[in-house]
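Novice: Pasting the sequence and the predicted coordinates here, then a few questions.
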Amino acid sequence: ERSRIFDWRSKKYPTEDVFQDAVEQLLKDFQIAYVREKKFLNSRSRVDFELNGLIHLECKICSKSNIFINAIGKAFLSKSEKKEAWLVIPDDISIRKDQLELIQQNQIQIFSETGLRKKLAGQEPAQIQTKATGRPA
């Protein structure tokens, strides 16, 4: 599949449920209070996790899809509910540079799984890998 060749889709996690299970185990390891599949107040949508009643966390295994754009939209819904919004992606994928800029401009946190582990441990997470958009000149 083309998205696997260009690091847009995780090779480590075949489905989002498997990745969510890995993130859930990480939350358990750090003894973080969470609710899985938390429904938004004014929407039919759900967020993957709500941490300590303050943070909405959305997990995605593919960064080049409508599903990833949907995750960014959920982050905006989280902010409208006065919750901090975090997106988490596997270590083995990259996101487009323009997507990262949009996410950062809107004060949405994005972490790789290793970055999330560091954040939960109180350390400074590493930067997300990006891919340039457009064709070389």
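Specialist: Yes, it's here. Worth saying up front: this structure is predicted, and the values here are computed from it rather than measured. Residues are numbered from 1 along each chain as shown.
Novice: separation between the residue nearest to Lys118 when sequence neighbours are not counted and Glu81?
Specialist: Leaving out its chain neighbours, the residue that sits closest to Lys118 by Cβ to Cβ, 6 or more residues apart in numbering is Pro125, at 4.5 Å. (Glycine included, C-beta is placed from N, CA and C.) Computed with Cβ to Cβ, to the nearest Å, the distance linking Pro125 and Glu81 is 24 Å.
Novice: Strands along the protein, start to end?
Specialist: Secondary structure of the chain (DSSP state E): strands at 34-39, 46-51, 55-59, 84-89, 95-96, 109-112, 130-131.
Novice: hang on, the earlier thing: does the residue nearest to Lys118 really touch Phe111, like I thought?
Specialist: Yes. Between Pro125 and Phe111 there is a contact under Cβ atoms under 8 Å: 5.4 Å.
Novice: quick one: common contacting residues for these two?
Specialist: Common neighbours of Pro125 and Phe111, using Cβ atoms under 8 Å, 6 or more residues apart in numbering, are Lys119.
Novice: quick revisit: wait, what's in contact with the residue nearest to Lys118?
Specialist: By Cβ under 8 Å, 6+ apart, the contact set of Pro125 is 111-112, 114-116, 118-119.
Novice: re earlier: would a markdown table of the strands of the chain with mean pLDDT be doable?
Specialist: As requested, the strands of the chain are arranged in a markdown table below (pLDDT from 0 to 100):
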| stretch | mean pLDDT |
| --- | --- |
| strand 34-39 | 94 |
| strand 46-51 | 95 |
| strand 55-59 | 95 |
| strand 84-89 | 94 |
| strand 95-96 | 86 |
| strand 109-112 | 93 |
| strand 130-131 | 68 |
